[in-house]
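Enquirer: here's my sequence, what's the structure:
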Amino acid sequence: MIAFVDEHRDEFGVEPICDVIEIAPSTYYEAKRCVRDPARRSARRQRDEFLKVEIRRIYDENHQVYGVRKVSIQANREGISVAKCTVQRPMRDTGLLGATRGKGFTKTRVQHHGPYPVAENLRQHPT
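Expert: Numbering: from 1, shown residues only. So this is what the prediction gives:
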């Protein structure tokens with residue numbers, strides 16, 4: 001939302017845009033202050049930024065195969081007190097995935113046929 005307001009603020013102004021998208025102008029201005037001064041961010045967001053760096057480091061040190069469970073265990077071994085569910089959010093946000101075993105999922109049917117029409121089923125079904 002903040003990027004949208006930034007993009008259109010010269011044309012329409014901040015307050016009219018905020019009225020339309022139903023957020024308070026103070027919310028927009030506070031978000032802008034947080035971008036300029038990271039110390040104004042919430043404690044959870046500051047901790048998430050710290051954890052993203054640490055999780056990435058642990059993930060890379062372990063050959064990019066650790067998932068949420070093993071990253072949280074390793075972080076706790078290193079003295080970073082963190083729950084598994086707290087590791088899950090930053091890993092999801094940064095796109096980190098652990099290695100999976102097995103063959104994996106095989107897609108057997110193509111749903112998107114591009115610009116080509118799908119042929120009708122000409123076979124007669126017994127009724």
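Enquirer: need the nearest residue in space to residue 67, chain neighbours excluded.
Expert: Once flanking residues are discounted, residue 67 sits nearest to residue 98: 2.5 Å by CB to CB, 6 or more residues apart in numbering. (Glycine included, C-beta is placed from N, CA and C.)
Enquirer: what helix or strand is residue 30 on?
Expert: Counting by DSSP states H and E, the secondary-structure element that holds residue 30 is helix 25-36.
Enquirer: buried stuff in the next helix or strand along the chain from that helix?
Expert: If you walk from helix 25-36 toward the C-terminus, the next helix or strand you reach (DSSP H and E) is helix 43-61. Under the neighbour-count criterion of 16 or more other CB atoms under 10 Å, helix 43-61 has 48, 51-52, 54-56, 58-59 buried.
Enquirer: could you dump those residues to CSV with pLDDT and distance to residue 93?
Expert: CSV is the format used below for the buried residues of helix 43-61 (pLDDT from 0 to 100; distance: CB to CB, whole Å):
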residue, pLDDT, distance to residue 93
48, 91, 8
51, 95, 10
52, 95, 7
54, 96, 14
55, 96, 10
56, 96, 11
58, 96, 16
59, 96, 13
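Enquirer: check those against residue 86 and report the nearest one.
Expert: Lowest distance from residue 86 to those (CB to CB) belongs to residue 51, with 7.1 Å.
Enquirer: from residue 35, how far off is the closest one?
Expert: Computed with CB to CB, to the nearest Å, the distance linking residue 51 and residue 35 is 20 Å.
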